[in-house]
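Q: when you get a sec, could you give me coordinates for this:
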Amino acid sequence: MATFKSFEDIEAWQLARALVKEMFIIFNEKKLKTEFELMSQFKRANISIMNNIAEGYGRYSNADFIRFLDYASASASEVKSMLYVMEDLNFLNPNDAQLYRGKVDVIQSKILGLIKYLRNHKKPPKCN
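A: Numbers count the residues shown, from 1 in each chain. Predicted coordinates for the structure are as follows:
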């Protein structure tokens, strides 16, 4: 695994950032604008993925980094679950919902791969 110079180098963070932007643009254009509570929770969970990766990177041990990556993975699961809600309430068509769930799966897979790497290496993969 390559060395990270910043959390911005982490592919899972990059993908989570892209998903946040895509989701904000799409849902700003849909009738979801009036669903304040649902959208607030969805936005917080979505942003939480990338923020927990960044916060974990800023910690000084692999154990702390892994803990925050675990939070990021849990937030990804929450986003995926909420995409089912949005599909069930007809805010998203089934094809779009599946596309976004697939993107969340990729992000979660990258997070879990990083956790596995960190568990097997004593030295964090970063240059501070």
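Q: average pLDDT across whichever helix or strand Asp96 is part of?
A: Assigned by DSSP states H and E, Asp96 belongs to helix 94-120. Throughout helix 94-120, pLDDT has a mean value of 96.
Q: in that helix, what counts as buried?
A: Neighbour counts over helix 94-120 (16 or more other C-beta atoms under 10 Å) mark 97, 100-101, 103-104, 107-108, 110-112, 114-115, 118 as buried. C-betas here are computed from N, CA, C, even on glycine.
Q: elements contacting that helix?
A: helix 11-29, helix 36-57, helix 62-88 (3 or more C-beta pairs under 8 Å, 6 or more residues apart in numbering; DSSP states H and E).
Q: of these, which is nearest Lys5?
A: helix 36-57 (10.5 Å; C-beta to C-beta).
Q: for that closest one, what is the distance to the chain centroid?
A: Counting by C-alpha atoms, centre = their mean, to the nearest Å, helix 36-57 is centred 7 Å from the centre of its parent chain.
Q: save the buried residues of helix 94-120 as a markdown table, and put in distance to Met82 too.
A: A markdown table is the format used below for the buried residues of helix 94-120 (distance: C-beta to C-beta, whole Å):
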| residue | distance to Met82 |
| --- | --- |
| Ala97 | 10 |
| Tyr100 | 10 |
| Arg101 | 10 |
| Lys103 | 13 |
| Val104 | 10 |
| Ile107 | 14 |
| Gln108 | 14 |
| Lys110 | 20 |
| Ile111 | 18 |
| Leu112 | 20 |
| Leu114 | 23 |
| Ile115 | 23 |
| Leu118 | 28 |
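Q: and the residues you listed, which is closest to Phe65?
A: Leu118 (5.9 Å).
Q: which non-adjacent residue is nearest the closest one?
A: Nearest residue to Leu118 in three dimensions, chain neighbours excluded: Asn62, at 4.5 Å (C-beta to C-beta, 6 or more residues apart in numbering).
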